[in-house]
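Asks: got a predicted structure here, sequence first:
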Amino acid sequence: MSKVLVAYFSATGVTAKLAGELAKAENADLFEIKAQQPYTAEDIDYTKKDSRCNLEMADKSCRPAIEGKVENMEQYDAVFLGFPIWWGREPSVVDTFLDGYDFTGKKIIPFCTSGGSGVEEAVKNIGSVVGEGACVEGGKRIGGEISEEELKVWTEGLSL
């Protein structure tokens, strides 16, 4: 049986709730990706040209510092990676997390919370960040509430 981790970044709590439900459904460990400088509501106001999220996302090389580290990442075979969609992809703070580990031989399954934007661009970008040694697949956009049963149906379709 695979050892599974659910790692997530949540700016408003929506992704955190979903990640917790997924970890419970999959009997997985849970890790929150936390920015060293927490995001405020003003920071994530994408309607303001000079908001922190817009400035970070405009620079693909931006890697905001994060707190903490997953202990013994090598023990995990699969990592569910959760985040809100910013600018059509994962937030830069998620890329900081990805840069911090060797994902060779691991499966990464992205899931995002979004009212409308898909996860496809994020899946491609995550693949380029982690490199060819990792398998990035099964991305899913979840626009609102999802039941434990619906989570099970999704994850049963993945080969973990």
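Replies: In hand now; what should we look at?
Asks: every contact and neighbour count from this point should use C-alpha atoms.
Replies: OK.
Asks: this structure: helices as residue ranges?
Replies: For the chain, helices defined by DSSP state H occupy the ranges 14-26, 52-58, 92-99, 120-130, 148-156.
Asks: just the CA atoms of the first one, as CSV, please.
Replies: Put plainly, it is helix 14-26. Backbone C-alpha positions of helix 14-26 (Å, rounded to 0.1, in the frame of the first residue of the first chain) are rendered in CSV as follows:
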residue,chain,number,x,y,z
VAL,A,14,-11.2,26.9,1.4
THR,A,15,-8.3,24.7,0.2
ALA,A,16,-7.4,23.8,3.8
LYS,A,17,-10.9,22.4,4.4
LEU,A,18,-10.8,20.3,1.3
ALA,A,19,-7.2,19.1,2.0
GLY,A,20,-8.3,17.9,5.5
GLU,A,21,-11.3,16.0,4.0
LEU,A,22,-9.0,14.4,1.4
ALA,A,23,-6.4,13.4,4.0
LYS,A,24,-9.1,11.8,6.1
ALA,A,25,-10.7,10.0,3.1
GLU,A,26,-7.3,8.7,2.0
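Asks: what angle do it and helix 148-156 make?
Replies: Using axes from the mean of the first three to the mean of the last three Cα atoms, to 10 degrees, the direction of helix 14-26 lies 70 degrees away from that of helix 148-156.
Asks: in helix 14-26, what counts as buried?
Replies: Val14, Thr15, Ala16, Leu18, Ala19, Gly20, Glu21, Leu22, Ala23, Glu26 (16 or more other Cα atoms under 10 Å).
Asks: quick check: the fifth one touching Val79?
Replies: Okay, so that is Ala19. No - under the criterion of Cα atoms under 8 Å, Ala19 is not in contact with Val79, lying 11.5 Å apart.
Asks: overlap of the contact sets of those two?
Replies: Here Ala19 and Val79 share the contacting residues Val6, Ala7, scored by Cα atoms under 8 Å, 6 or more residues apart in numbering.
Asks: other residues contacting stretch 117-132?
Replies: Judged by Cα under 8 Å, 6+ apart, the contacts made with stretch 117-132 from elsewhere in the structure are 85, 88-90, 95, 98-99, 102-104, 110-112, 134-137, 139-141.
Asks: please consider this matter closed, and thank you.
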